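1. Dropping a prediction and its sequence here:
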Amino acid sequence: MRRRRYSRVLPVLLGVLTLVGVFLYVESQRRAHHIPAVTNREHIVARPIVAAAAVSWPESTSDVDPRIDKPSQSFSHRLRCISYHRGFGHLLAPETLLLLCDRKPLEALKIMSSMAEAGDEHARIALALLGNFGSCDALQPSPTFPRFSVVTMERARQNGATSDTLQRLSGVLSEEQAGPTVDELEACRQGASEYKKLWPAMVEQFVSNLGRSLKTLLGENEADVQIEHDRKSLVSGDADSQLQLAHDLLKKGTPNSQGEALTLLREAASASPAAETELAECLLKGCPTPAPDTREAIQLLTEAALSGDPLALRMMSSAAGFDAELILPASERYAWSKFLQRLNEEGCFGTSEYLTWVNFPNPQPGLLEMSPYESTAAEARAAGLLATQLDRTRALLGCNST
């Protein structure tokens, strides 16, 4: 039984799959905080991946349903680019990302394959993601998607969606219903095939790095092997590898492992909004000491939210994570909920989150439930936050207005 379970997590332990370990971590966080899963071409939505600078996405007119007008087409292109950027942004050069945005995956695949064969670990992981872990048929829309489209449009109307949102939504649903292009499906299949060819060498490298036979490793404690691998894969100054090791140390749950994790998270926080959020969560829970540090946690969450970290934004607006009403005033929670709503309206988190938001808008603290003084303060705080911070956050996420 141990061997069967270990065989399923072996990809996480491979030296070249450290960032896939991050993906599995993201998935556990998504389930814990009710964050939507990815759909169709959105292979991976990784919390630690937020653009470090403004991104301007060129428009594309290829492979678009002719019934979709220009504004909707441009918005769908934005969603697709953000999805790819969040999934592949730390793995691929900007020019390769733009090929994926413009639905030219076979050209992107040539670049990725060449780099992977030369030993580039990030390119190897990108191949696994492009190949959808070998499940290319899963990229096709389900037979029930037409019904989902009808229900989604109706629910958006009931939720008070504006005419602009309905227009955009219609274009997004049409593109999702059309499914992947012929080139996208072929790139997925070729990516999976290329990755499969590289697999034996990757396993050999993993075993060599840890200095023990695969048989020996399969009999050892899974968590300890993962931590050992994380340590040997740790790159000084690399926030992703620091975050992965910190996460696995926190899972271990001992005071020593928690203390080491906090040190790593503090080092990574300057470069990673996700690390800021992870550190804040840890402080709110009171690790490594029982006493929570709410002041520093709120400061970290604020910085992460302004950088566009989805979980931090949801936590600050009371949509997930912790009892914000016990720490933040209603005016602050209201302001952040408005901030998150605007980012969702503009598709700043990709296709999956946009469709989820349209169906299930984030709850907001009600102004009617506040005193007149509180409601005035809440509206003023929201207006100030939107006026001074929205453009910067939107640029960091790559969703400048089109």
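-> Thanks, I have it.
2. how far out from the middle of the chain is stretch 256-273?
-> 19 Å (Cα atoms, centre = their mean, to the nearest Å).
3. and the longest helix for this protein?
-> Determined from DSSP state H, the single longest helix within the chain is helix 182-210.
4. C-terminal to it, what's the next element?
-> Later in the chain than helix 182-210, the nearest helix or strand by DSSP states H and E is helix 214-218.
5. Please tell me how far that next one is from the chain's geometric centre.
-> 32 Å.
6. helices or strands next to it in the packing?
-> Counting contacts by 3 or more Cβ pairs under 8 Å, 6 or more residues apart in numbering; DSSP states H and E, helix 214-218 packs against helix 2-13, helix 182-210. Any C-beta I mention is one placed from the backbone N, CA and C, and that applies to glycine too.
7. okay, those helices in a markdown table with mean neighbour count next?
-> Shown next, in a markdown table, are the helices and strands packed on helix 214-218 (neighbours: other Cβ atoms under 10 Å):
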| stretch | mean neighbour count |
| --- | --- |
| helix 2-13 | 14 |
| helix 182-210 | 17 |
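8. Of those helices, give the one that comes closest to Q299.
-> Q299 lies closest to helix 2-13 among the helices and strands packed on helix 214-218, at 32.2 Å (Cβ to Cβ).
9. quick revisit: compare the helices and strands packed on helix 214-218 and give me the one nearest L249.
-> For L249, the closest of the helices and strands packed on helix 214-218 is helix 2-13, at 15.1 Å, according to Cβ to Cβ.
10. what's the helix or strand for R381?
-> Assigned by DSSP H and E, R381 falls in helix 372-397.
11. pLDDT (mean, whole number) over that helix?
-> Mean per-residue pLDDT for helix 372-397: 95.
12. what's the answer for stretch 166-182, then?
-> Mean predicted lDDT for stretch 166-182 stands at 95.
13. With only the CA atoms kept, save that stretch in PDB.
-> Extracted C-alpha coordinates of stretch 166-182, given in PDB (Å, rounded to 0.1, in the frame of the first residue of the first chain):
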ATOM      1  CA  LEU A 166     -22.900  40.300 -20.200                       C
ATOM      2  CA  GLN A 167     -21.300  41.100 -23.500                       C
ATOM      3  CA  ARG A 168     -17.900  39.900 -22.200                       C
ATOM      4  CA  LEU A 169     -19.400  36.800 -20.700                       C
ATOM      5  CA  SER A 170     -21.100  35.800 -23.900                       C
ATOM      6  CA  GLY A 171     -17.700  36.000 -25.700                       C
ATOM      7  CA  VAL A 172     -15.900  34.000 -23.000                       C
ATOM      8  CA  LEU A 173     -18.500  31.300 -23.000                       C
ATOM      9  CA  SER A 174     -18.500  31.000 -26.800                       C
ATOM     10  CA  GLU A 175     -14.700  30.600 -26.800                       C
ATOM     11  CA  GLU A 176     -14.800  28.000 -24.000                       C
ATOM     12  CA  GLN A 177     -17.600  26.100 -25.800                       C
ATOM     13  CA  ALA A 178     -15.500  26.100 -29.000                       C
ATOM     14  CA  GLY A 179     -12.800  24.400 -27.000                       C
ATOM     15  CA  PRO A 180      -9.100  24.100 -27.800                       C
ATOM     16  CA  THR A 181      -7.900  24.700 -31.400                       C
ATOM     17  CA  VAL A 182      -6.400  21.900 -33.500                       C
END
